[in-house]
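1. Give the three-dimensional model of this entry:
(one chain, ligands or ions: 1)
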Amino acid sequence: MNALIIGCSDGRIAASLDALQAAVATPDAQRFFVPGGILPLTRPGTERRVALECVREIVEEHDVRTIHLVAHQECAAYERALGGLGFDQQELLERDLRRVETLLETTFPGVDVRSYVIPWHEDGGVAGYGAAAPVD
Ligand SMILES: [Zn+2]
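-> Residues are numbered from 1 along each chain as shown. Next up, the predicted model:
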């Protein structure tokens, strides 16, 4: 079954995205990686229209049945778009994931959409991204 992964282009989360793909999708799953991942799909006007057309192209060309949306904490694109990241980062990402889930499920009936967040950890001086965790 064909899948599409929508995530951020940030190279620091590449390993987490690869691990998620290995766990939930086929090795040849399609990828749409842009700054902020789902961010352009939450924006008004042209930005969302262009992003949605890219997703449509992939979904229709490759008969995609499942879309995995992956947001990540400490995202520079989000920080830039919002003018900073507050303590409610997780809440913000989950809200956007739900909005984009609804948008994509409405636009592409029959496509199953799932959401994940890649967390940022800072434990005793060791900082890095963890494994993508599913969002309800
Ligand atoms: Zn990012």
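2. my guess is D63 contacts N2, does it?
-> Yes: with contact defined as CB atoms under 8 Å, D63 and N2 form a contacting pair (5.3 Å). Any C-beta I mention is one placed from the backbone N, CA and C, and that applies to glycine too.
3. Name the helix or strand for R31, please.
-> Assignment of secondary structure by DSSP states H and E places R31 within strand 30-34.
4. is that strand up against the ion anywhere?
-> No: judged by CB under 5 Å from the ion, strand 30-34 and the ion are separated, with a smallest distance of 9.3 Å.
5. name the helices or strands packed onto that strand?
-> Under the contact criterion of 3 or more CB pairs under 8 Å, 6 or more residues apart in numbering; DSSP states H and E, the helices and strands touching strand 30-34 comprise strand 2-8, helix 46-61.
6. Identify whichever of the ones you listed lies nearest to the ion.
-> Smallest distance to the ion across those (CB to the ion): 3.2 Å, for strand 2-8.
7. Quick one: closest of the helices and strands packed on strand 30-34 to D88.
-> Nearest of those to D88, taken as CB to CB: strand 2-8 at 18.8 Å.
8. all strands for the protein, in order.
-> If you assign secondary structure with DSSP state E, the strands in the chain sit at 2-8, 30-34, 64-72, 112-118, 120-123, 126-129, 133-135.
9. Reformat those as CSV; add mean pLDDT.
-> As requested, the strands of the chain are arranged in CSV below (pLDDT from 0 to 100):
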stretch, mean pLDDT
strand 2-8, 97
strand 30-34, 97
strand 64-72, 97
strand 112-118, 97
strand 120-123, 85
strand 126-129, 88
strand 133-135, 94
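10. could I get those strands as CSV with mean neighbour count and distance to G84?
-> What follows is these, written out as CSV (neighbours: other CB atoms under 10 Å; distance: least, CB to CB, whole Å):
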stretch, mean neighbour count, distance to G84
strand 2-8, 23, 17
strand 30-34, 18, 21
strand 64-72, 23, 16
strand 112-118, 20, 19
strand 120-123, 11, 15
strand 126-129, 12, 19
strand 133-135, 13, 22
